[in-house]
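Participant: output the structure for:
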Amino acid sequence: MNTNLDIPVRSEGEIATVFASDYLNKISGEKIERECKRQIDAGCTTLVVNFKDTEIVNSIGVSILLGVIDAASNNGTEVIFSEVNEDTEQLFEMLGLTNHVKIQE
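Facilitator: Numbering: from 1, shown residues only. Model (predicted):
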């Protein structure tokens, strides 16, 4: 696992896993977005965003995730959100993000 801008990343073949922070706001969200786009540009076909340590996602964080989903879609990259807590998953469902990503435990 390597870290880029304090965002842990694990790459295995064409699958990249980006680990979100405990609070997904503007600052951490922009770091995650840069790393996700870097992985997409590097040719990953599946992008996993792991929310294991994420307790809160604010509205700016959701907006940034939509940008990541859009960038992935434009490159034919599948996006998976993993280890999402129940409250955050409900938020993602309510806002329609789950229509564009897979949710994995």
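Participant: in this protein, what residue sits furthest out from the centroid?
Facilitator: In the chain, the residue that sits farthest from the middle, by Cα atoms, centre = their mean, is G13; the gap is 17.9 Å.
Participant: and that one, how far is that from G43?
Facilitator: 10 Å (Cβ to Cβ, to the nearest Å). For the C-beta atoms, the positions are set from N, CA and C on the backbone; glycine is no exception.
Participant: immediately after the lowest-mean-pLDDT helix or strand in the chain, which helix or strand?
Facilitator: Sorting the helices and strands of the chain by mean pLDDT, DSSP states H and E puts strand 2-4 at the bottom, at a mean of 45. The C-terminal neighbour of strand 2-4 among helices and strands, as given by DSSP states H and E, is strand 7-12.
Participant: which parts of this protein are helices?
Facilitator: 26-41, 59-74, 86-95 (DSSP state H).
Participant: which of those helices is buried the deepest?
Facilitator: Highest mean neighbour count of the helices of the chain: helix 26-41, a mean of 19 (counted as mean count of other Cβ atoms under 10 Å).
Participant: for that one, packing partners?
Facilitator: Counting contacts by 3 or more Cβ pairs under 8 Å, 6 or more residues apart in numbering; DSSP states H and E, helix 26-41 packs against strand 7-12, strand 15-19, strand 46-50, helix 59-74.
Participant: and of these, who's closest to K31?
Facilitator: strand 7-12 (5.1 Å; Cβ to Cβ).
Participant: strands paired with that closest one, and their directions?
Facilitator: strand 2-4 (antiparallel), strand 15-19 (antiparallel) (DSSP bridges).
Participant: average pLDDT for that strand?
Facilitator: Summarised as a single mean, pLDDT over strand 7-12 is 95.
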